[in-house]
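Visitor: below are the sequence and a predicted model for it; my questions follow.
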Amino acid sequence: MRGIVKYIANSSVPVATYVAPTGSRAASAGTYILYASHIAAMAPGTNLGAATPVQLGGGPPADSKEKDKATKPVDKQKHEVTKPDPKQQKAVNDAVAYIRGLAELHGRNQSWAEKAVREAASLPASEALKLNIIDVIASDTADLLKKINGREILVNGQKRTLDTAGLTLVKLDPDWRSRLLNVITNPNIAYILMLIGIYGLIFEFSNPGAIAPGTVGAICLLLALYAFQLLPINYAGMGLILLGVALMVGEAFEPSFGLLGIGGVIAFTIGSIILIDTQAPGFGINISVIITFTLASAILFIFIIGMAIKARRRPVVTGQEEMVGGIATVLHDFDSSGTVIIHSETWQALTDSPLHKDQKVKVTDIQGLILKVKPLTDSPAAPSKQEEVK
């Protein structure tokens with residue numbers, strides 16, 4: 001905001017700031033920019049004000065500390081007096097001096113400017129015009145150019161007369177970098193990037209070598225962290241989200257009849273709601289986004305991953321690995337190597353004990369296309385020589 005104000009104040013070309021269309025507002029930083037402009041204009045049905053500095057970037061806001069102090073009982077004997085937070089008072093005093101200087105620069109109402117900072121006061125366009133806060137009310141851009149035509153203003157200390165009749169309007173869109181940052185720092189997008197980053201890293205750690213989930217997750221998580229540096233983050237909310245994810249993953253690995261899963265969903269939802277720690281307009285996460293990702297996370301971690309883990313723990317029923325532990329039948333007598341039949345297939349076999357035809361053996365190992373077998377304890381013994389003579 002200060003950078004924008006500097007560009008406007010030092011511009012050699014007059015700058016008109018126009019709050020439009022109807023229903024728009026110049027709240028917070030917009031009030032400072034409006035005061036700094038050579039021409040301050042508003043459309044009917046718009047408002048400005050609420051310029052009190054608010055703390056962004058995490059940590060408990062200073063005004064919340066004051067509320068906590070105000071709710072504590074005061075000892076009548078000690079007559080303690082609650083003092084304002086020094087950091088908040090410093091920020092407010094600096095903002096007051098700043099906006100009064102901008103008001104003085106263009107001869108606008110200084111007392112109300114201070115009130116907008118200290119008391120977060122707001123005004124509609126009609127009242128702002130009466131109190132000499134703005135210069136004109138215009139219904140659209142064409143009406144604005146018509147009403148400011150011939151007006152005298154000060155530009156860098158020099159008087160200039162505006163000639164806006166018949167001007168050609170050229171629209172300048174934000175560059176790609178500004179548009180990209182605007183998307184990333186949207187609270188909903190930052191929230192989604194954070195969750196994608198967490199999920200990607202979880203999948204990468206559970207399946208090392210997958211590469212894609214870890215790469216995408218790391219990039220999304222870094223972008224989310226960058227966005228959160230510019231947003232008012234409640235770290236308790238962040239902790240609850242991580243706890244909720246951990247509980248839902250725990251439910252997938254160790255089923256607890258829903259206790260971990262339900263606790264995870266509750267922690268995830270509460271953390272998402274309180275993640276953005278400010279009442280400033282435009283900084284909240286839509287409740288529809290929270291509900292969607294809460295349900296999607298519960299389904300993903302509790303049901304899908306849970307089913308995958310259960311399937312992974314089941315014994316192998318197909319392929320060569322299923323051979324180990326199977327029962328085969330000897331096709332002919334042999335001492336060390338020979339052939340056996342299993343699953344209607346004939347296999348080469350190795351053994352440490354002599355085997356005879358039709359004897360049942362157990363597969364203990366498989367090496368390439370050769371089975372290693374041993375006789376079953378309850379398998380019928382080989383016929384003796386006397387039995388063979390009889």
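Guide: Cool, the structure landed. Only a predicted model underlies this, so the values are computations on that prediction, with no experimental measurement involved.
Visitor: residue 117 contacts residue 94, doesn't it?
Guide: No. Using C-beta atoms under 8 Å, residue 117 makes no contact with residue 94, being 9.5 Å away. Heads up, the C-betas are built off the backbone N, CA and C, glycines and all.
Visitor: neighbour count winner among the two?
Guide: Neighbours per residue (other C-beta atoms under 10 Å) separate residue 117 from residue 94, with residue 117 holding more: 25 against 12.
Visitor: what sits up against the helix or strand that one falls within?
Guide: In this structure, residue 117 sits in helix 110-118 according to DSSP states H and E. With contacts defined as C-beta atoms under 8 Å, 6 or more residues apart in numbering, helix 110-118 is touched by 31, 35, 48-53, 92, 95-96, 99-100, 102-104, 121-123, 131, 133.
Visitor: kindly recompute the last result at 6 Å.
Guide: Residues from elsewhere that reach helix 110-118 (C-beta atoms under 6 Å, 6 or more residues apart in numbering): 31, 49, 51, 52, 95, 96, 99, 100, 103, 121, 131.
Visitor: low-scoring stretches of the stretch 101-250 of the chain, by residue?
Guide: Nowhere does the stretch 101-250 of the chain drop to pLDDT under 70.
Visitor: can you map out the helices along it?
Guide: Applying DSSP state H, counting those that start in this stretch to the stretch 101-250 of the chain gives helices spanning 110-118, 125-130, 141-148, 176-184, 187-206, 212-229, 235-253.
Visitor: in the first one, what's buried?
Guide: Taking 16 or more other C-beta atoms under 10 Å as the basis for neighbour counts, the residues of helix 110-118 that come out buried are 110, 112, 113, 114, 115, 116, 117.
Visitor: kindly reformat the residues you listed as TSV containing distance to residue 332.
Guide: Formatted as TSV, the buried residues of helix 110-118 follow (distance: C-beta to C-beta, whole Å):
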residue	distance to residue 332
110	110
112	107
113	105
114	106
115	105
116	101
117	100
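Visitor: so what's the residue nearest the centre of the chain closest to, chain neighbours aside?
Guide: For the chain, the residue sitting closest to the mean C-alpha position, by C-alpha atoms, centre = their mean, is residue 191 at 1.9 Å. Of all residues not flanking residue 191 in the chain, residue 285 sits nearest, at 5.3 Å (C-beta to C-beta, 6 or more residues apart in numbering).
Visitor: what about that neighbour, how many neighbours?
Guide: Residue 285 sits with 21 neighbouring residues when counted by other C-beta under 10 Å.
Visitor: so it touches residue 189, yeah?
Guide: No. In this structure, residue 285 is not within contact of residue 189 by C-beta atoms under 6 Å, at 10.0 Å.
Visitor: quick one on the thing from earlier: got a ChimeraX select line for the buried ones in the contacts of helix 110-118?
Guide: Only the buried entries of these go into this ChimeraX selection, using 16+ other C-beta under 10 Å:
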select :31,49,51,52,95,96,99,100,103,121
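Visitor: for residue 11, state which of the contacts of helix 110-118 is nearest.
Guide: Distance to residue 11 across the contacts of helix 110-118 (C-beta to C-beta) is lowest for residue 103, with 18.0 Å.
Visitor: I'd guessed that closest one sits against residue 36; true?
Guide: No. Using C-beta under 6 Å, residue 103 is not in contact with residue 36; the gap is 9.3 Å.
Visitor: so what's residue 316 scoring on pLDDT?
Guide: Among the per-residue scores, residue 316 shows a pLDDT of 54.
Visitor: and what of the one 10 residues further on?
Guide: On pLDDT, residue 326 comes in at 84.
Visitor: who is residue 346 paired with across the strands?
Guide: residue 341 (DSSP bridges).
Visitor: that one: neighbour count?
Guide: 11.
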